[in-house]
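J.: Sequence and predicted structure are below.
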Amino acid sequence: MRQYIINLDPKKMPDAWYNIGPDMPEPMAPVLHPGTKQPVQASDLAPIFAMGLIEQEMSPDRFISIPGEVMDKYLLWRPTPMRRAYRLEEALDTPAKIYYKNESVSPSGSHKINTSVAQAYYNKIEGVRELSTETGAGQWGTALSIACSMFDMKCVVYMVRVSFQQKPYRRSLIESFGASVLASPSDTTDIGRKFLAEDPDTTGSLGIAISEAVEVAAKSGGSVKYTLGSVLNHVCMHQTIIGEEAKLQLASVGEYPDIVIGCCGGGSNFAGIAFPFVCDRIKDGRKVECIAAEPAACPTLTQGPFAYDFGDTGMYTPLMKQYTLGHNFMPPGIHAGGLRYHGVAATVAHLQHLGLIRSVALKQNPCFESSLLFAKCEGIIPAPESGHAIRAAVDEALKCRESGEVKTILFNLSGHGNFDMTAYDAYLRGDLQDLEFDEEAMRRGLSCLPKVD
Ligand SMILES: Cc1ncc(COP(=O)(O)O)c(C=O)c1O
């Protein structure tokens, strides 16, 4: 009998997050203060982030214990199942073995809640009562609103305007957990009003929504703290529970992946599935290939230069060395809203710079095509973001069909697409455009990169 589902005994669930920083073969470039251009200190970040999270951001420790209260929340949906996609393998007629980790079973429907509960917890124990944040597709806003309701905290979410319009039920879902949601840019912040004045019809971007949420925290006098759904070291680290579990699950069936794939917006999802395997590559020389799958309409890792840039459009955040399309690059309104980000996590960028991971850029129509094949085989409608990982996995499996190699492929199904049916509807009607990457917009974006010696 085939074993489709590979579960992990909750008693064997890893109880620490993996911090890749100390294992980097070459040190990462420092994060710089946007004004002085000197390395940031914890005190620079204290006005907007909880101190417990700032300590994790700068931690020299390879593993950080998961607090009991966070473990208790994780146990509501973790360990997540791993599945062998036998039916997809057959549909592709490939000798490759395809496994996927299913993060869509979480209460919020995606991986994002792995960090939202941790971030809400560290803020709560420091006495913070309200959190502000941005959201692209709405997945992060959902995850943070659920975490805030678990810890009895208030929450305000700036939702990128194009997603606010494309995904009304995602907005209702966030509100159902008690958070307030505003279309970004909004008229509630200085930076929002500035962008609205420049272009009243703007689709918005993650970069602008981040600026609004940061401004709310910075001007609150400490009563509101900001939380980010991706990019930062501590956020990527909270997601490593995915890859750590995956390793144990694969080992339980005598497997180790040749290829590990995650879709990549700000980078935390990719980090979550891949970093525990990148660790094996760095420390034990394992030949595991980790692939970040990004949208061709916002090809940060595949086309952007490796340079210092802001994390937001309003230039409030510290400067991080990353691959970037420029902090004011406005990505086209593709349906994978969570992948519309101009930059990427510094850890992911550093690993690509060192040649320890690689990236691919994919157009949205082929991603939806593979997502529907996956749905027919596996019975799950994937989030459009996850569809990028599926497409990359399908492409690797098809290469195996050509070469006859029996590779083991692992990807992360970062979320379900049950609130993304407008996108599937457009695809099924043939109305979905493969929005071209705007090189002129990137040139404009790159001309504004901050000067750093
Ligand atoms: C379902 C899903 N997968 C992946 C991503 C991308 O995540 P990250 O920013 O961590 O790369 C998002 C972002 O919103 C998402 O909603």
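T.: Noted; the coordinates are in hand. A quick note: this is a predicted structure, and the numbers were derived from the prediction, not measured.
J.: in this protein, what residue is nearest the ligand?
T.: Across the chain, no residue is closer to the ligand than residue 338, which sits at 2.2 Å (CB to the nearest ligand atom). The C-beta positions use only the backbone N, C-alpha and C, and glycine is treated the same way.
J.: pretty sure that residue contacts residue 134?
T.: No - the pair residue 338 / residue 134 is not scored as a contact, 10.9 Å apart, by CB atoms under 8 Å.
J.: helix, strand or coil for the residue of the chain closest to the ligand?
T.: Each residue gets one of three states, and residue 338 gets helix by DSSP: H, G, I helix; E, B strand; the rest coil.
J.: Distance of it relative to residue 217?
T.: According to CB to CB, to the nearest Å, residue 338 and residue 217 sit 21 Å apart.
J.: Secondary structure element holding residue 349?
T.: Following DSSP states H and E, one finds residue 349 within helix 346-353.
J.: got a list of contacts for the next helix or strand after that helix?
T.: Going down the chain from helix 346-353, the next helix or strand is strand 358-362, by DSSP H and E. Residues outside strand 358-362 that contact it (CB atoms under 8 Å, 6 or more residues apart in numbering): 264, 289-296, 299, 301-303, 352, 388, 391-392, 395, 437.
J.: Kindly identify which of these also come near the ligand.
T.: residue 264 (CB under 6 Å from any ligand atom).
J.: okay, residue 338 and residue 217: which has more neighbours?
T.: Ranked by neighbour count (other CB atoms under 10 Å), residue 338 and residue 217 place residue 338 first, with 31 against 24.
J.: contacting residues around the more buried one?
T.: Taking CB under 8 Å, 6+ apart, one finds 136, 137, 139, 140, 265, 383, 385 in contact with residue 338.
J.: number of nearby residues for the residue lying closest to the fifth one once chain neighbours are set aside?
T.: Looking back up the chat, that one is residue 265. Sequence neighbours aside, residue 339 is the residue nearest to residue 265 in space, at 4.1 Å (criterion: CB to CB, 6 or more residues apart in numbering). Residues near residue 339, counting by other CB under 10 Å, number 29.
J.: And the pLDDT at residue 339?
T.: For residue 339, the model assigns a pLDDT of 93.
J.: likewise the one 4 residues further on?
T.: Each residue has a pLDDT score; the one for residue 343 is 97.
J.: Surely it is in a helix?
T.: No - counting by three-state DSSP, residue 343 is not found in a helix; it is coil.
J.: doesn't residue 22 make contact with residue 60?
T.: Yes - with contact defined as CB under 8 Å, residue 60 reaches residue 22; the gap is 5.6 Å.
J.: higher neighbour count, these two?
T.: Using other CB under 10 Å as the criterion, residue 60 and residue 22 rank with residue 22 on top: 11 against 7.
J.: I'd assumed residue 276 was in a helix, is it?
T.: Yes - assessed by three-state DSSP, residue 276 belongs to a helix.
J.: can you count the residues close to it?
T.: 23.
J.: Ok, residue 64 next?
T.: What residue 64 shows, counting by other CB under 10 Å, is a neighbour count of 18.
J.: got the phi/psi numbers for it?
T.: With angles defined as degrees, to the nearest 10, residue 64 sits at phi -130, psi 120.
J.: give me every residue that touches the closest residue to it other than its chain neighbours.
T.: Take residue 64 and drop its neighbours on the chain: the residue closest to it by CB to CB, 6+ apart is residue 17, 5.1 Å away. Going by CB under 8 Å, 6+ apart, residue 17 touches 63, 64, 66, 237, 238, 240, 241.
J.: among those, which are in helices?
T.: Among those, DSSP state H puts 237, 238, 240, 241 in helices.
J.: So what does residue 188 have for phi and psi?
T.: Main-chain torsions, residue 188, degrees, to the nearest 10: phi -100, psi -10.
J.: Alright, that wraps it up for me.
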